[in-house]
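Engineer: Just to be clear, the model below is a prediction. Sequence and coordinates:
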Amino acid sequence: MSTMDTLTLPPPAVDSYLDHDNTLWAWLTTHDHKRIAILYTIGITFFFVLGGIAAAMIRLDLLEPSGLLDPETYNKSFTFHGVVMVWFFLIPSIPATLGNFLLPLMIGARDMAFPRINLASWYLYMIGGLFTAAALVWGGVDTGWTFYTPYSTMFSNTNVYLVIVGVFVTGFSTIFTGINFLVTTHSLRTPGMTWFRLPLFVWAMYAVSLVMVLATPVLAMTLALIGLERGMGVGVFDPALGGDPLLFQHLFWFYSHPAVYIMILPAMGLVSEVISCFARRRIFGYKFMTWSMLAIAVIGFMVWGHHMFVAGMSVYAGMVFSLLSFIVAVPSAIKVFNWTSTLHKGDISFESPMLYVLGFVGLFTMGGLTGLMLAAPALDVPLTDTYFVIAHFHYVMVGGSVMAYMGGIHFWWPKVTGRLYPEGPAKFSAILMFVGFNLTFFPQYILGYDGMPRRYHSYAPQFQTLNVLSSAGASILALSYLLPLLYLVWSLRYGHKAGNNPWQARGLEWQTTSPPPENNFRHPPVVRNAYAYDEPAP
Amino acid sequence: MNTRTLEPQHFKSPAGEVEKQFDNPLQQRDTATIGMWVFMATEIMFFGVLFAAYLILRSLHPAGFAEASRDTDLLLGSIETAVLLVSSITIMIGIRAVRLEQRRIGVAFLGLTVLLGCGFLLIHGLEYRADYFKHLIPGIDYHQSGPYWKVKELFYCMYYFITGFHSLHLFIGICVNAGMTIRVARGSYGEHDYTALELAGLYWHLVDMVWIFVFPLLYLIGRSG
């Protein structure tokens, strides 16, 4: 059995990307996509902690119906939570870390097409993050992450400028990442790596890059218009000056709905890799998977109006947006069916990455189905701005994207670091995360359906039991995020050597050494098939 | 598009070393070109937001916007359009000359392109100056009367944002092309290597194309009404 061979072979005498030049300066000026991925991982972990602290403040406040924090602090907490989690964690999370590390490895390239732009992207991300963090230090911002006008332009006395500058700058880091991924996938594939042999993770990066490149500029210009309106009285969104306040919502959601797909598409690709590996089966319906990801990327641009059913848009526009929103659910459903079909009759084993990823499939399905409820105007009108919406998008983004991200970190940890993490604690925290997540957010579906509005620091007393339950779940969830931080860092020093392919996976990235050498492969690999789990390991 | 060969080849092209992620100069050039096209797609989305906002506001206030449109300087606007269109031809001739190793013609036409770009900015500056004396600049000096004075302010907000953003792009294009002209004069580009030059040319054409949309939207629509 080849498993034993791989594990017992002496490590080949190749220097890895971690072996040389470990000064701070060398890391900060690196052009190596693998090192930039690590810089990004450190950055987004920092912002995840910041956003998590803000979430803890929200859940703390909602323990009591009268609210434990004062309203100002509460407003600033949920705004900061939203801004940081959306732009400084979820959007860069899988693409900028795992995507950056894996995309060249998966297609057999030596680096990204534009290594300097890749590094610049990280610096822009950090500079944007500093602006946003500075806004927090100077007293925070209270507009909500959506910056709705006219509040953000005329009334809010908080640091709107700093935050929109931060998000604006970070937008360029997203664009740079997207350009790099698209071009790298086009130009740097190794011989035999045809388009339909690309791993689905690479297809996901490709689809998400299309969205990044085409949607992010819209956000940047919209924020620029907000800044001008606030500073110079340019009245594009101000009805008193002849502007159109709805226009802001159209432009904002024209970016921000595709942004939801920026968050979920990478997770979909990642999940396909992990499921296929631990079910020991070729991915079911490969071409359907690729086309459905591209379909999501394209149709995702045409559904933004479903955020605005109650905003004063025409009923006919609402009907069209509703129909399109139902249509975009079709490719998502195809993906869920194909994951389950891949599992069917598979030789399934439940390693920790698989636990995370199975959690993803269930929670994403739940989030997607409640999304369909919200896409129907008749249901959306009473549910708008209630906790039902909060629960829906947290099922997709936290239950979906974050679970998948954690699964991916575990799956590729041996490749990135060359070490194995302890499996017991990893399985434990995967299950803890699933339990904590459901305990936090399932009560919010009920709260929302019963009519508890979002973004208020106090609530009616009959909602207290479910809110306490939700806050208790949040503390379990927090623990399940802290645990991996501990044992993963521990494994860097004390973990067992991983070997090149501990999961017996078939992707190209597993054919090189762990950690990979600076140029990724000693010999340029040649590809003959994809997901060949029905053949012996190479 | 996959120009990769089986064996890693470490070319030394006359233009310098091929970067390590590429197998040969051709692949490096193709890659840079695709990158530029993707970047230009993002640029179109940047301007697209402004055009969309402008058109929606215009459809809300057709009469006021038409009146404001008539205040723009049609003569200067037309001259600017002509200058930019000519500059697109000169840059094309310049790049072609460099590719044919006719360095002096290349420098002359690229330099002319830079001058035409500066000319555009100068003429546009004259327009801005005239607006200033007519109290037409929102946020700095805006005093108008008549039934549409407020809507016209909105028009001029968009006018300054769109033309300003376009001029910023043109300014970047001028700086890039000035640098290119100097490097061509020094012999850095030629038959062996003209990728960067061609990319600068693509960018220049894009900025011109944007103006082809700006000019009718801001200056021409509703002018005769």
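Structural biologist: All right, it came through fine. Numbering: from 1, shown residues only, chains lettered A, B, ... in the order given.
Engineer: In three-state terms, label residue 22 for me.
Structural biologist: Here I'm looking at chain A. Of the three states, A:N22 takes coil under DSSP: H, G, I helix; E, B strand; the rest coil.
Engineer: You answered for a different chain; I wanted chain B.
Structural biologist: Following three-state DSSP, B:F22 is assigned to coil.
Engineer: quick one: low-confidence parts of the chain?
Structural biologist: In the absence of a named chain, this looks at chain A. A:1-13, A:538 (pLDDT under 70).
Engineer: look at chain B instead
Structural biologist: Along chain B, the model assigns pLDDT under 70 to residues B:1-17, B:225.
Engineer: gap between stretch A:224-244 and the chain center?
Structural biologist: 32 Å (CA atoms, centre = their mean, to the nearest Å).
Engineer: er, stretch A:108-124 I mean
Structural biologist: Distance of stretch A:108-124 from the chain centroid (CA atoms, centre = their mean) equals 20 Å.
Engineer: next one: stretch A:368-387
Structural biologist: 22 Å.
Engineer: Contacts for it next, please.
Structural biologist: A:303, A:306, A:309-310, A:318-319, A:322, A:325-326, A:329, A:332-333, A:336, A:388-389, A:391-392, A:395-396, A:444-445, A:447-449, A:451-455 (CB atoms under 8 Å, 6 or more residues apart in numbering or on different chains). Every residue, glycine included, has its C-beta placed from N, CA and C.
Engineer: Can you select the buried ones among the residues you listed for me in PyMOL?
Structural biologist: Those of these that count as buried under 16 or more other CB atoms under 10 Å in any protein chain shown are selected in PyMOL with:
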select buried, chain A and resi 303+306+309+318+322+325+329+332+336+388+389+391+392+395+396+444+445+447+448+449+452+454
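Engineer: Which entries in the contacts of stretch A:368-387 are shared with the contacts of chain B?
Structural biologist: Counting by CB under 8 Å from any CB of the partner chain, the subset of the contacts of stretch A:368-387 that neighbours chain B is empty.
Engineer: Just the ones in strands from the contacts of stretch A:368-387, please.
Structural biologist: Here DSSP state E is the test, and the contacts of stretch A:368-387 give no hits in strands at all.
Engineer: Now, the contacts of stretch A:368-387 that are in helices?
Structural biologist: A:318-319, A:322, A:325-326, A:329, A:332-333, A:336, A:388-389, A:391-392, A:444-445, A:447-449 (DSSP state H).
Engineer: where along chain B do the helices fall?
Structural biologist: B:25-60, B:62-71, B:74-99, B:103-133, B:149-185, B:195-215.
Engineer: Phi and psi next, for A:S16.
Structural biologist: Taking degrees, to the nearest 10, you get phi -90, psi 170 for the backbone angles of A:S16.
Engineer: In which helix or strand does the nearest residue to A:V336 once chain neighbours are set aside reside?
Structural biologist: Spatially, and ignoring its direct neighbours in sequence, A:V336 is nearest to A:T365 (5.5 Å; CB to CB, 6 or more residues apart in numbering or on different chains). Element membership for A:T365, per DSSP states H and E: helix A:352-375.
Engineer: Report how many residues lie close to B:I140.
Structural biologist: Neighbours of B:I140 under the rule other CB atoms under 10 Å in any protein chain shown: 11.
Engineer: still on that earlier bit, which parts of the helix holding A:T365 are buried?
Structural biologist: A:352-368, A:370-371, A:374-375.
Engineer: Beyond that helix, next helix or strand please.
Structural biologist: The C-terminal neighbour of helix A:352-375 among helices and strands, as given by DSSP H and E, is helix A:377-383.
Engineer: Flag every buried residue along that following helix.
Structural biologist: Within helix A:377-383, judged by 16+ other CB under 10 Å, the buried ones are A:377, A:379-380, A:383.
Engineer: Against chain B, how distant is the closest residue to A:A220 other than its chain neighbours?
Structural biologist: In space, and not counting its chain neighbours, A:A220 is closest to A:G171: 4.6 Å by CB to CB, 6+ apart. Distance of A:G171 to chain B, given as CB to the nearest CB, to the nearest Å: 10 Å.
Engineer: Contact partners for A:G171?
Structural biologist: Per CB under 8 Å, 6+ apart, neighbours of A:G171: A:87, A:128, A:216-217, A:219-220, A:223.
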